[in-house]
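>>> the sequence and its predicted three-dimensional model are supplied below.
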Amino acid sequence: MYTVMGITGRVGGVIGHDLLKAGLPLRAIVQDPVKSSRWATLGGEIAVAENGDVEALTNAFRGSEAVFVMLPPNADPEPDFSHARHLIDAVRQALAATRPKRVVCLSSIGADCDAPSLLTALSMFETAMISLSLPVTFLRPAWLMENFSWDIAPARERGVLPSYLQPVERAIPMVSTSDVGHVAARAMQDDIDGERVLEIEGPERYSPDDIAAALARALVRDVHAEAVPRAAWDPLFRAQGMRNPLPRIQMLDGFNDGTFRFADDGRHAVRGDVTLVEAIAALVRES
């Protein structure tokens, strides 16, 4: 059995489809069985488990050849990451009780850095998974192209891409969630010993200026990238409802000053196929 957390998300959905296409038995972990019934229709087994529910996750992981684990995104964590700690502990307890043959853990570029940021939760997640002494693959994708879905509205309405990645002409590693999902599905099938890290990026590196150009092409209107002054980040994020924007700000600083980077500048990274233009076009079609 190949068990997938987060199957209703972008990465998890790709994993599920790839595993079924390969003829492998899929167990889809869902929180809402009604909304996720399509996985049963496609031939998957459904396991209902809330994030953080040790007993339900243990039942979901039981008898698995491989398990894909992840934390739900949270851009506004508590200062002590208490909720993330709770979720991580639940996953760890469930894996310790069931001992699958291998684990694939969704992490991120920068998770190996000591600098505090939003990625601290993923650093904690990796540490917890290592403590299990199970064969585990850590996926560390670059900046996700789908993060720019939030920028479609201002681009469409005002022709502006408000950019927190700066300077706007600087290219960084980026990757589509589709490519991450394909890598994850293959990793679940690999027979490995110990721990390994797979860094993942797209076919090229891209800048906010490139994002603006891709949005302009998809929206058929002029779009330009405009750096949001760093001094404005905290009040802007708080106005959006965030209670603790510091970790998000620290994460952006880490990308902007080069703290978060691949160990060898990506020379050994797994390269995806989806281009920025393709990813942005798909997001615009969805919007």
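The structure has been received and is ready for your questions. Numbers count the residues shown, from 1 in each chain.

>>> tell me which stretches of the stretch 151-287 of the chain form strands.
160-163, 172-175, 195-201, 205-206, 224-227, 270-271 (DSSP state E, counting those that start in this stretch).

>>> which stretch among those strands comes nearest Trp150?
Smallest distance to Trp150 across the strands of the stretch 151-287 of the chain (CB to CB): 9.3 Å, for strand 160-163. (Each C-beta comes from the backbone N, C-alpha and C, glycine too.)

>>> what's that closest one in contact with?
Outside strand 160-163, the residues that touch it by CB atoms under 8 Å, 6 or more residues apart in numbering are 148, 151, 154-155, 208, 211-212, 215, 223-228.

>>> try it again at 6 Å.
Asp151, Pro154, Ala155, Pro208, Ile211, Ala212, Val223, Ala225, Glu226, Ala227, Val228 (CB atoms under 6 Å, 6 or more residues apart in numbering).

>>> hang on, the earlier thing: just name the most buried of the strands of the stretch 151-287 of the chain.
strand 172-175 (a mean of 24; mean count of other CB atoms under 10 Å).

>>> follow-up on the earlier one: tabulate the contacts of strand 160-163 (a markdown table), appending pLDDT and distance to Ala22.
A markdown table is the format used below for the contacts of strand 160-163 (pLDDT from 0 to 100; distance: CB to CB, whole Å):
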| residue | pLDDT | distance to Ala22 |
| --- | --- | --- |
| Asp151 | 97 | 35 |
| Pro154 | 97 | 40 |
| Ala155 | 98 | 38 |
| Pro208 | 98 | 37 |
| Ile211 | 98 | 33 |
| Ala212 | 98 | 38 |
| Val223 | 98 | 39 |
| Ala225 | 98 | 40 |
| Glu226 | 98 | 44 |
| Ala227 | 98 | 44 |
| Val228 | 98 | 43 |
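
>>> among the residues you listed, which ones are buried?
Among those, those buried by neighbour count (16 or more other CB atoms under 10 Å) are Asp151, Ala155, Pro208, Ile211, Ala212, Val223, Ala225, Ala227.

>>> list the beta-bridge partners for the nearest residue to the first one once chain neighbours are set aside.
What it means is Asp151. Closest residue in space to Asp151, ignoring its immediate chain neighbours: Leu161 at 5.2 Å, by CB to CB, 6 or more residues apart in numbering. Leu161 forms beta bridges with Ala225, as assigned by DSSP bridges.
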